[in-house]
Each structure stands twice: as C-alpha cells, then as structure tokens.
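Undergrad: Show me the folded form of this:
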Amino acid sequence: MTGTRSGRATREDVARHAGTSVAVVSYVVNGGPRPVSAATRERVLAAIDSVGYSPNGIAQALASGVSGAYGLIVPDISNPFFAALAHELEEAVAAQDKVLLLGDSAENKVREKTLLNLFLQRQIDGILFIGVDSDPDVSEAVRAGVQPVILDRVDRQALVSSVAVDNVAGAHAATTHLIQHGYTRIGIVAGPQNLFTATDRTLGWETAMAAARLEIEPMWRLEATFSRQGGRAAGRRLFALPQLPEAVFASNERQAIGLLAAAAEFGIRVPEDLAIITFDGTDDSEYAVPAISTVVQPLKEIAKVAVNLLARDPGHPVVRHECDFTLRLRPSCGPHPTETVPAQKNVQGP
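TA: Residues are numbered from 1 along each chain as shown. Predicted structure coming up:
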C-alpha cells in the first residue's frame with residue numbers, strides 16, 4: 001500500500017486517485033444518499049485501499065446519526081463482578097456488530113457525569129449504566145435521545161429501562177440455606193445503605209430470619225463497603241465480640257473474601273467455627289479457601305437482555321427486567337449433597 005502523501009489520507013486524496021469528486025467518495029463510504037455505478041464504486045474502493053484512507057467514525061456518526069457503538073459506565077472495573085459483567089456485555093454487543101466503549105467512574109459522581117457527557121459527544125447509540133449510588137442520573141442521555149439501560153444498582157422509581165437480579169429473593173434464599181443447615185445465630189455483613197443492592201439484600205436476610213422466627217442480634221449486624229477491605233474490617237469487629245454468630249451472610253463476594261482473611265487472622269475456622277455464604281458468584285468465590293457458597297447472577301442473561309433493550313427503536317415503553325438466580329453451594333457453609341440449588345422467587349416479607 002502506498003499513500004499519496006505523508007500523514008493521514010483524506011477523501012480528497014481518494015477522489016484524486018480515483019478520478020472522481022469528493023462527493024462521490026462520500027456516497028461510497030456512507031452508502032448513499034445517491035447511487036453510484038458499480039464501476040465507479042470499485043474504482044473508489046481501490047483508491048481507498050491504495051492511499052490507505054480510513055473513514056472518520058465520529059464524522060460518519062454525525063452525518064448518519066448512528067455510531068455503531070454503545071457506552072458502558074461502571075463504578076469500579078477492578079471489581080470482579082463488574083469486570084465479568086462487562087465481558088458478557090461486550091460479547092452481547094459484538095453479536096450485534098457494534099463495539100462497546102468502557103468508562104470507569106471510580107465511585108465518583110462527578111467523574112460519572114463527565115464520562116456520560118463524553119460518550120454523548122461521541123454520538124454513542126445507547127448507554128449501559130451502573131451508577132455509583134442509588135440515584136442514577138441519565139437525564140442528559142434521555143435529553144439527547146440516547147437510550148439508557150440501568151444495570152445492577154437499579155432505582156425502581158427511575159423512568160428508564162433496567163435489568164437486575166432479584167436481590168431480596170437472592171439474599172432470602174442464601175439466608176434460608178444457612179437456616180436449613182441448622183444455624184440459628186446468623187449475622188450479616190451488609191453493604192452501604194445508600195445502595196439499593198445493599199438495602200435489598202439486607203431486607204432479604206431480615207425476611208428469612210423473620211420467616212424462621214429467629215432473633216436478629218444487633219451486634220452481629222455490621223455494615224461495610226463492598227470491598228475486601230470492608231469485609232476484613234467487618235470481620236475484625238465481629239471477631240472481637242464476646243460471642244460470635246454461627247453463620248454470616250456477606251452481602252457481596254469481595255466482603256466475603258475479606259471476611260475469610262479476618263477469620264484466618266483470628267484463628268476462626270470456616271465452616272467449623274463460622275459458616276459463610278455470599279452474593280455475586282464470580283470465579284473468585286470458587287478459588288477462595290474454602291470455596292464460598294454464593295448466590296450466582298446470570299451475567300449472560302443480564303447482558304443479552306440489556307443489549308436487546310438498547311437495540312429497540314425509540315419510543316418503546318420502559319422495561320424493568322428482573323432475572324432469576326441460582327445458589328452455588330460450596331464448603332464455606334458446611335457439607336452439601338448437591339452443588340447447585342434452583343432459584344427461589346417471589347419470597348414474601350413478614
């Protein structure tokens with residue numbers, strides 16, 4: 001391949017090489033709006049290859065209103081759950097012959113808004129959004145006519161489509177499984193109460209305890225960030241208490257891994273001295289020691305549904321899709337005859 005000059009080739013270069021006008025080159029590159037004869041089209045394509053011209057995607061998006069790209073904003077891409085979900089979303093987007101642009105808001109509301117505006121400037125066709133809190137602000141996208149879909153941290157009052165697992169039912173099922181083991185003194189490492197995922201999972205734990213008529217001991221109810229550090233800090237507080245629970249529901253997988261680290265520090269054996277079950281279920285749970293029982297979210301389903309919602313024409317009604325879950329049972333809460341328990345849905349409160 002030989003270019004006609006140094007630097008990036010332009011449509012003018014292609015037109016000179018093909019012996020056509022710049023407008024004809026544009027018609028070939030954009031697929032219209034005017035027809036081009038087959039012979040001229042072949043000449044233009046050969047000239048594009050010869051001079052090394054690469055169409056400007058942003059300019060094409062401005063002209064056509066379609067960029068071929070979706071945006072994804074996550075609060076922390078180092079979180080294994082968000083990383084695994086991003087992977088499945090990328091696969092679902094690729095299946096539609098589009099690309100996925102990723103932005104990490106680093107749990108910062110200002111950075112989150114900046115990323116959204118940057119994506120909108122690049123004429124993205126839709127936005128997949130996991131907010132830093134339970135008040136996701138995608139109003140700029142709506143005003144720009146860009147369809148948003150909220151994931152994971154879903155505000156049920158928001159007038160935009162969303163896809164998430166049933167956090168209440170999942171936490172209820174996990175806690176009920178601990179109860180079925182015979183544990184009656186069950187604590188929780190809850191997440192930050194400014195997140196719906198955290199409050200919903202706490203509610204699921206509470207309703208399971210109430211359904212079994214088990215007393216909730218306030219000192220075994222700890223709140224921590226959704227992180228390994230948060231889980232370890234909660235574990236250190238827990239293991240310093242005069243009496244320990246028999247089991248703990250850790251609201252998030254990274255919390256559970258931190259809790260395991262604190263247990264090792266204090267010589268607490270899992271599950272002999274303390275049973276643990278958690279929520280999210282990435283590969284990290286499988287490779288912990290001991291492997292951790294967990295509520296598993298159907299990431300492929302979440303991704304497929306979310307991307308299909310983005311692909312709809314504008315004007316469709318808001319959809320709030322709630323996914324099922326499974327319990328993957330491992331040694332952290334005791335012996336099991338099977339490894340997987342089907343989802344338990346429609347759990348009612350007390």
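Undergrad: When you work out contacts or count neighbours from here on, use the C-alpha atoms and nothing else.
TA: Will do.
Undergrad: CA-only coordinates of stretch 42-52 in CSV, if you can.
TA: These are the backbone C-alpha positions of stretch 42-52, laid out as CSV (Å, rounded to 0.1, in the frame of the first residue of the first chain):
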residue,chain,number,x,y,z
GLU,A,42,-14.9,-0.4,-7.5
ARG,A,43,-12.6,2.4,-8.6
VAL,A,44,-13.2,4.4,-5.3
LEU,A,45,-12.7,1.3,-3.2
ALA,A,46,-9.5,0.5,-5.0
ALA,A,47,-8.3,4.1,-4.4
ILE,A,48,-9.3,3.9,-0.7
ASP,A,49,-7.1,0.8,-0.4
SER,A,50,-4.2,2.4,-2.4
VAL,A,51,-4.0,5.6,-0.4
GLY,A,52,-4.8,4.0,3.0
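Undergrad: And it, what's buried?
TA: Neighbour-count burial for stretch 42-52, counted by 16 or more other CA atoms under 10 Å, picks out 43-45, 47-48, 50-52.
Undergrad: can you redo those residues as JSON lines with secondary structure, distance to His316 and pLDDT?
TA: Formatted as JSON lines, those follow (DSSP: H, G, I helix; E, B strand; the rest coil; distance: CA to CA, whole Å; pLDDT from 0 to 100):
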{"residue": "Arg43", "secondary structure": "helix", "distance to His316": "43", "pLDDT": "90"}
{"residue": "Val44", "secondary structure": "helix", "distance to His316": "40", "pLDDT": "87"}
{"residue": "Leu45", "secondary structure": "helix", "distance to His316": "39", "pLDDT": "86"}
{"residue": "Ala47", "secondary structure": "helix", "distance to His316": "43", "pLDDT": "88"}
{"residue": "Ile48", "secondary structure": "helix", "distance to His316": "40", "pLDDT": "86"}
{"residue": "Ser50", "secondary structure": "helix", "distance to His316": "45", "pLDDT": "87"}
{"residue": "Val51", "secondary structure": "helix", "distance to His316": "44", "pLDDT": "84"}
{"residue": "Gly52", "secondary structure": "coil", "distance to His316": "41", "pLDDT": "82"}
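Undergrad: Among these, give me the pair with the biggest separation.
TA: Pairwise distances among the buried residues of stretch 42-52 were taken by CA to CA; the largest, 14.1 Å, belongs to Arg43 and Gly52.
Undergrad: just the buried residues of stretch 42-52 now: which is nearest Ala311?
TA: Proximity of the buried residues of stretch 42-52 to Ala311, judged by CA to CA, is greatest for Leu45, which lies at 30.0 Å.
Undergrad: distance of the nearest residue to the closest one once chain neighbours are set aside from Ala47?
TA: With CA to CA, 6 or more residues apart in numbering as the criterion, Leu45 has its nearest non-adjacent residue at 8.0 Å, and that residue is Val28. Between Val28 and Ala47 the computed distance is 12 Å (CA to CA, to the nearest Å).
Undergrad: Check Asp13 too.
TA: Note on Asp13: its distance to Ala47, by CA to CA, is 8 Å.
Undergrad: shared neighbours, the two?
TA: Among the neighbours of Asp13, none is also in contact with Ala47 (CA atoms under 8 Å, 6 or more residues apart in numbering).
Undergrad: So, low pLDDT: which residues of this structure?
TA: Low-confidence segments of the chain, defined by pLDDT under 70, span residues 1-7, 30-32, 55-67, 338-350.
Undergrad: According to the record, where do the domains of it fall?
TA: What automatic domain parsing lists as the domains of the chain is 11-55, 68-165+300-323, 167-298+326-341.
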